[in-house]
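# take this sequence and fold it.
(chains A, B, C and D)
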2 protein chains.
Amino acid sequence: MTTAPSRRGGRTRVGRFDRDIPDATIARLPIYLRALTSLSEREVSTVSSEELAEAAGVNSAKLRKDLSYLGTYGTRGVGYDVDYLRYHIAREIGLTQDWAVVIVGIGNLGHALAKYSGFASRGFRVAALLDSDPRRVGERVGDLPISALDDLDEIVASSDVAIGVIATPASAAQEVCDRLVAAGVSSVLNFAPAVLSVPEHVDVRKVDLSIELQILAYHEQRKAIGAAEQLKVSLA
Amino acid sequence: MTTAPSRRGGRTRVGRFDRDIPDATIARLPIYLRALTSLSEREVSTVSSEELAEAAGVNSAKLRKDLSYLGTYGTRGVGYDVDYLRYHIAREIGLTQDWAVVIVGIGNLGHALAKYSGFASRGFRVAALLDSDPRRVGERVGDLPISALDDLDEIVASSDVAIGVIATPASAAQEVCDRLVAAGVSSVLNFAPAVLSVPEHVDVRKVDLSIELQILAYHEQRKAIGAAEQLKVSLA
DNA sequence: CGGAGTTTGTTCTCTCGTTCACAAGCTCCT
DNA sequence: AGGAGCTTGTGAACGAGAGAACAAACTCCG
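Have a look, this model is predicted:
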């Protein structure tokens, strides 16, 4: 949960369908969506909150409450229509339209991201790959050539890019971020291990591979200590 | 935030130094650690909560409260000794020892993870790379050869591996997870877009690239709607 | 040595999120 | 048509985390 200070500003509440959905719920909608897609592929047409919650790995009450923020798409005594619900979630998240993204920094991770099929299948189109190393420019990764970072403004403008992905080393992240913002990008997904500062209107989310491992290590260590203490007690 | 139902079970509270640190705090400790390392490299020896909070991108009150769970390592009127604090955080997370990890699924992402330098520098040693595709076995990625999935038990046992990383397609994730658990791994970092079910004593954390993008898309869409509504109002 | 100036550690309040529990509402069977 | 049996949607209780605010404790200067 690493994001900008969460929707303050414009609390104007224009338009009644501007109900406001908790951040925690938003973060789960994509999971429900995935579960629904999987059910749909298996030709399941109706699902109960209990079953869907199980598939998504959450509590069923939480699931129902989450869905209730979107509207009342279920039928009591029956459950939810898989395709109907799927459509409404996708619509709410904004996946009924396509989003153009650029990936900056085509190292190991950038490569992997460029080839990752999970983006395209969910309505994200990689508009360009950018790198600051002139020797890499022109090289092809999958279908796309690597462009020079200097072409950023033009690419963002012509492809209407709203989202930028940063996969550079930490040392370059802030500068790249600034350039993205200057070019007009207003959402950033940051894989570099660095804290980015951005203007108010820009959203940043961060994914940090080594932090996740460190959190696991903490729990792992606790398990080990716990076991050792147990042993000590049983010997005493 | 995708993890096991948070430390229930063995609430035995053996040993008094088993103070229990909130999950939210644990998730931030690695960030503080990184900021401290960076300060240390710049030869800064003392830092105030205000400065460190700024570097970590959090509120200073939150930072102080987080640190207070670990003990009282600061000095009023002065601040924190950078190296001293850094050591104590590293110790708390369990980074004073090395952790062996295995990576399963050497596709695009697995490749990138295998070569990612951020692991080694934080005390995580990649003990082996595994893939189920026999044609890939033997191939080298960086320093390591790809091993067959069947060698898992042996590798986990001989290298004392506690943490497994899953970078397979979603369809294989659960089976790989089961094999990891059977081999003795008790923490899993899952990059596959699938919900894993594991026994009580195993921790799972999930990183999902496309979910992060979807969350950004939602906010992006709201910005767009907000702007449109504003426009409508100003025209009325 | 004493007081001004800092900065931590902690208490208190408030907000946000989770979970329980149940009434409302649907279907199906008799 | 009416009742039994489900399943949703939501009110209310609970718990965790964030942030403000301040007393305690240190340094430094005169």
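# quick one, longest helix in chain A?
When chain A is scanned for its longest helix (criterion: DSSP state H), the result is helix A:209-235.
# and it, which residues are buried?
A:209-223, A:226, A:229 (16 or more other CB atoms under 10 Å in any protein chain shown). Bear in mind the C-beta positions are built from the backbone N, C-alpha and C, glycine included.
# anything in that helix near chain B?
Yes - against chain B, helix A:209-235 shows contacts by CB under 8 Å from any CB of the partner chain at A:209-221, A:223, A:225-226, A:229-230, A:232-233.
# now chain A against DNA strand C: closest residue?
Nearest residue of chain A to DNA strand C: A:Gly77, at 2.4 Å (CB to the nearest atom of the strand).
# what is the end-to-end distance of stretch A:53-67?
By CA to CA, to the nearest Å, the extent of stretch A:53-67 from end to end equals 11 Å.
# what mean pLDDT does that stretch have?
For stretch A:53-67, the mean per-residue pLDDT is 98.
# check which residues of it are buried.
A:53-58, A:63-64, A:66-67.
# mind putting those residues into a markdown table with distance to A:Ile146 and secondary structure?
What follows is the buried residues of stretch A:53-67, written out as a markdown table (distance: CB to CB, whole Å; DSSP: H, G, I helix; E, B strand; the rest coil):
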| residue | distance to A:Ile146 | secondary structure |
| --- | --- | --- |
| A:Ala53 | 43 | helix |
| A:Glu54 | 43 | helix |
| A:Ala55 | 39 | helix |
| A:Ala56 | 37 | helix |
| A:Gly57 | 38 | coil |
| A:Val58 | 40 | coil |
| A:Leu63 | 42 | helix |
| A:Arg64 | 46 | helix |
| A:Asp66 | 40 | helix |
| A:Leu67 | 42 | helix |
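# out of those, who's near DNA strand D?
A:64, A:67 (CB under 7 Å from any atom of the strand).
# can I take it that the residue of chain A closest to DNA strand C is in a helix?
No - looking at A:Gly77 with DSSP: H, G, I helix; E, B strand; the rest coil, it is coil, so not inside a helix.
# quick check: it vs chain B, distance?
Counting by CB to the nearest CB, to the nearest Å, the separation of A:Gly77 from chain B is 27 Å.
# can you read off the pLDDT for that residue?
In this model, A:Gly77 is scored at 96, pLDDT.
# repeat for A:Leu235
At A:Leu235, pLDDT is 79.
# ditto for A:Ala227
Looking at A:Ala227, the pLDDT reads 78.
# before we move on, what about A:Arg8?
pLDDT, A:Arg8: 33.
# any chance you could map the helices in chain A?
A:23-41, A:49-56, A:60-70, A:82-93, A:108-115, A:117-120, A:152-159, A:170-183, A:209-235.
# any residue of the first one up close to DNA strand D?
No - contact between helix A:23-41 and DNA strand D, assessed by CB under 7 Å from any atom of the strand, is absent, since the two come no nearer than 10.3 Å.
# for the closest residue to A:Leu144 other than its chain neighbours, list the residues it contacts.
Distances taken as CB to CB, 6 or more residues apart in numbering or on different chains put A:Leu129 closest to A:Leu144, at 5.2 Å, once the chain neighbours are dropped. By CB atoms under 8 Å, 6 or more residues apart in numbering or on different chains, A:Leu129 lies in contact with A:102-103, A:106, A:110, A:114, A:141, A:144-147.
# most neighbours among the residues you listed, please name it.
Counting neighbours by other CB atoms under 10 Å in any protein chain shown, A:Ile103 comes out on top of the contacts of A:Leu129 with 29 neighbours.
# so what's that one bridging to?
A:Leu129, A:Val165 (DSSP bridges).
# one step back: phi, psi for the residue of chain A closest to DNA strand C please.
phi 80, psi -10 (degrees, to the nearest 10).
# give the buried residues for stretch A:131-151.
A:131-132, A:136-137, A:141, A:144, A:146-147, A:149.
# contacts for it, please.
Defining contact as CB under 8 Å, 6+ apart, one finds that stretch A:131-151 is touched by A:104-106, A:110-111, A:114-115, A:126, A:128-130, A:155, A:168, A:172, A:176, A:179.
# need the CA coordinates for that stretch. PDB is fine.
In PDB, the C-alpha atoms belonging to stretch A:131-151 read as follows (Å, rounded to 0.1, in the frame of the first residue of the first chain):
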ATOM      1  CA  ASP A 131      16.100   3.800 -22.300                       C
ATOM      2  CA  SER A 132      18.600   6.400 -21.700                       C
ATOM      3  CA  ASP A 133      21.500   4.300 -23.000                       C
ATOM      4  CA  PRO A 134      22.000   5.300 -26.600                       C
ATOM      5  CA  ARG A 135      23.600   1.900 -27.400                       C
ATOM      6  CA  ARG A 136      20.300   0.200 -26.600                       C
ATOM      7  CA  VAL A 137      18.200   2.500 -28.700                       C
ATOM      8  CA  GLY A 138      16.900   0.700 -31.800                       C
ATOM      9  CA  GLU A 139      17.200  -2.800 -30.300                       C
ATOM     10  CA  ARG A 140      14.000  -4.700 -30.400                       C
ATOM     11  CA  VAL A 141      12.200  -6.300 -27.500                       C
ATOM     12  CA  GLY A 142       9.300  -8.400 -28.600                       C
ATOM     13  CA  ASP A 143       7.400  -6.300 -31.100                       C
ATOM     14  CA  LEU A 144       8.700  -3.000 -30.000                       C
ATOM     15  CA  PRO A 145      11.900  -1.100 -30.600                       C
ATOM     16  CA  ILE A 146      13.600   0.700 -27.800                       C
ATOM     17  CA  SER A 147      13.300   4.500 -28.100                       C
ATOM     18  CA  ALA A 148      15.500   7.300 -26.800                       C
ATOM     19  CA  LEU A 149      14.400   9.000 -23.600                       C
ATOM     20  CA  ASP A 150      14.400  12.300 -25.500                       C
ATOM     21  CA  ASP A 151      11.400  11.100 -27.500                       C
END
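# how about A:Asp81, what does it touch?
A:45-46, A:73, A:75.
# pLDDT score for it?
A:Asp81 is given a pLDDT of 98.
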